[in-house]
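Trainee: Kindly return the folded structure for what I paste below:
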Amino acid sequence: MGWSRRLAVTAGAVALLTTAACSSGDSEASDDEGGGGLFAGVHDEGTEESGTESGEGAEAESGGETDGESSAGSGEPAAEDAFDECGLFPTAELATIFGVDTLHITQRLVYPDEEGGRLAGCGYFTEDVPGVSGLRIDTVAGTDEAAFFAAYEGMDTGPLEQLGDRAEVLAMTSPGGEVRTREVRVIAGSTGLRVTHTWDEVPGGLPEMPDAELGQAVALVAATALERMPADPVAPDGTPEGPCAGIDLGLAAEVLGEELGMARSVVSGTGGLRCQLTGAEASLGVTVFTAPHMVEPRRVPAGEITVADLGDGARVATDQGHLDALVNDGERMVAISALHAPAVGVLDEPRPADIELLRSVLASVGG
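Mentor: As a prediction, this is how the structure comes out:
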């Protein structure tokens, strides 16, 4: 795609995103653990929160990955020619597009069956806090138009011409205006691409941008990513890295009802981490928060502790349809979220085996 066509695409997105922003002010935010939610850029899989300060990660002061690669222990594909979900852009290029000094790779994920194909995603944030992201670039290999755009059914979207086989833009604002998401979805052949920018009124994170500038930035990223996309962007399974390499996968498979054959890890320089282990239907997510401004708001009060001897006390629940644990652990907080395979059934409350899994995971990440 030449620059003249790319500029035409971004100009069209400016008008559409600006219009959508005015017409979607009462839209509800939605979360999706698999990465398909419209507010997925700030989805907190471990604690069910949203916002630029919520998510699965911990702060680090190390420099950004300006060459497009992530820091050590970040689930980088082993084969040099394998598709790298974070390899479409150097972080410095994205930072320039969105008007910030730096961006860090803070999230990697791969799911085998999302939106009609195999999803591989990369999240970025202005701080090196694994799991917390305000910008997401997701690629879905092996999908089709109906499956990829199913999430937009009934929503107020607009077509974006001259980009892929079909492109749609969406602007959503939560009822109080505290969360605003701008998204572009594009399909070309059997490859889907989603670029999502989320702003939250909580201090920090990606800056708020005027609708016209934001529309241009998101559309430019989409057009450039599509231009750079390999013919067969299937991300490899990967293996757990860093502290998450010690997770007992046999125990996890026994408790969750399925082997977790895919993995991504992001580890910061100060002990923060985000690991995502995934099977066809089950998954396990682990996040360690170390920065005080991430830790303190997540402390579990004494009156909310349900498992007193897990770490320094933890709140463990299944009321959201999956196992969620938020663990006080010295100066850290550890968030663990597990989705059981359907064969396990729906849990009314955590089972002893689930608590055993939580203890094992906590020990593996240094708890």
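Trainee: hey, let's count contacts and neighbours off CA atoms from now on
Mentor: Noted.
Trainee: Residue 262 pairs with what?
Mentor: residue 278 (DSSP bridges).
Trainee: ok, residue 317 - contacts?
Mentor: Under the criterion of C-alpha atoms under 8 Å, 6 or more residues apart in numbering, the neighbours of residue 317 are 323-325, 349-350.
Trainee: cool, residue 357 as well?
Mentor: 251-252, 255.
Trainee: Go again with 10 Å.
Mentor: By C-alpha atoms under 10 Å, 6 or more residues apart in numbering, the contact list for residue 357 reads 247-249, 251-256, 338, 351, 363.
Trainee: Can you flag the buried ones in those?
Mentor: With neighbours counted by 16 or more other C-alpha atoms under 10 Å, these contain buried members at 247, 249, 251-253, 255-256, 338.
Trainee: where are the low-confidence patches of the stretch 201-350 of the chain?
Mentor: Within the stretch 201-350 of the chain, the segments meeting pLDDT under 70 span 202-204.
Trainee: residue boundaries of the strands in it?
Mentor: Applying DSSP state E, counting those that start in this stretch to the stretch 201-350 of the chain gives strands spanning 262-267, 273-278, 283-289, 314-317, 323-329, 332-339.
Trainee: Return the list of strands paired to the fifth one, each annotated with direction.
Mentor: Strand 323-329 has its sheet partners listed here by DSSP bridges as strand 314-317 (antiparallel), strand 332-339 (antiparallel).
Trainee: mind checking which of these is nearest residue 148?
Mentor: Between residue 148 and the strands paired with strand 323-329, the tightest spacing by C-alpha to C-alpha is seen for strand 332-339, at 22.8 Å.
Trainee: ok, back up a step: in CSV: the contacts of residue 317, plus distance to residue 182.
Mentor: Formatted as CSV, the contacts of residue 317 follow (distance: C-alpha to C-alpha, whole Å):
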residue, distance to residue 182
323, 30
324, 28
325, 30
349, 37
350, 37
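Trainee: Closest to residue 302 out of those?
Mentor: Using C-alpha to C-alpha, the contacts of residue 317 come closest to residue 302 at residue 325, 14.7 Å.
Trainee: Which residue, other than its chain neighbours, is closest to that closest one?
Mentor: The spatially closest residue to residue 325, leaving aside those adjacent along the chain, is residue 316, at 4.4 Å (C-alpha to C-alpha, 6 or more residues apart in numbering).
Trainee: Relative to residue 327, how far out is that neighbour?
Mentor: Separation of residue 316 from residue 327 (C-alpha to C-alpha, to the nearest Å): 8 Å.
Trainee: So these two - more neighbours on which side?
Mentor: For the pair residue 316 and residue 327, the greater number of neighbours falls to residue 327 (28 against 24), based on other C-alpha atoms under 10 Å.
Trainee: Who are the contact partners of the more buried one?
Mentor: Residues counted as contacts of residue 327 (C-alpha under 10 Å, 6+ apart) are 288, 298-300, 305, 307-308, 310-316, 333-336, 358, 362, 367.
Trainee: quick revisit: could you point out which of the strands of the stretch 201-350 of the chain sits nearest residue 200?
Mentor: strand 283-289 (19.6 Å).
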